[in-house]
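# what follows is a predicted structure for the sequence shown.
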Amino acid sequence: MTLTTPALDTDRLRLRPFTEADADFLYAMHGSAHVMRYWDSPPWTDRARADRFLSMCRSMAEEGTGVRVAVERASDGAFVGWVCLVEWNPVYRSASLGYCLDEAMWGHGYATEAAHALLRWAFDTLDLNRVQAEADTRNAASARVLEKVGFVREGTLREDCVVDGEVSDSWVYGLLRREWRP
């Protein structure tokens, strides 16, 4: 089943399908060691990774396993980052939320606003019952984003990531339909 990648507007943001023009922004964002310090993969060093990322976004929607959308500021079209729902399972009515924002966009509430918009779409359009998310236990800002949109911390995955030899834990969060507050 194919998923149509949504175009969603909030007060300050536009969530939209990616275009080829986003590749340079993606490469710069994912190439930052500071942005990627809590990810389970190292920063990108090859520009072709951005093209593969865009291809993967299209494939994910075509295969019906999820959607990833670009986030831009409505006032000036500035690239903010992306937000996604992956591992969509229509039988279990579940998916996993993820996001990544350019460092210049941190601290403005954009992650919370974008996540909220995509969650609203997911609960309304995909009829989800549960959305899961994970955050590195050192990433307090990401944990706050998840809690602001209603996620509940459910547990800890101990030593689940090893990046550049550094071992880290992740918190697992869940948001149920009955807890969702649009």
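Alright, I've got the coordinates. Because the structure is predicted, anything quoted here is derived from the model rather than measured.
# from here on, just use CA atoms for contacts and neighbour counts.
Will do.
# what about residue 90, distance to residue 47?
34 Å (CA to CA, to the nearest Å).
# go on, residue 148?
Residue 148 is 34 Å from residue 47, by CA to CA.
# could you tell me the end-to-end distance of stretch 37-45?
One end of stretch 37-45 sits 14 Å from the other (CA to CA).
# ok, and for that stretch, which residues are buried?
Within stretch 37-45, the residues that count as buried by 16 or more other CA atoms under 10 Å are 38-39, 43-44.
# same question for stretch 136-156.
Across stretch 136-156, burial judged by 16+ other CA under 10 Å covers 136-137, 142-143, 145-147, 149-153, 156.
# okay, those residues in CSV with secondary structure and distance to residue 1 next?
Below are those laid out as CSV (DSSP: H, G, I helix; E, B strand; the rest coil; distance: CA to CA, whole Å):
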residue, secondary structure, distance to residue 1
136, strand, 32
137, coil, 35
142, helix, 31
143, helix, 32
145, helix, 30
146, helix, 28
147, helix, 31
149, coil, 28
150, coil, 29
151, coil, 28
152, strand, 30
153, strand, 31
156, strand, 33
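# adjacent strands (with direction) for the helix or strand that contains residue 72?
Of the helices and strands defined by DSSP states H and E, residue 72 is found in strand 67-73. Within its sheet, strand 67-73 is paired with strand 13-16 (antiparallel), strand 79-89 (antiparallel), according to DSSP bridges.
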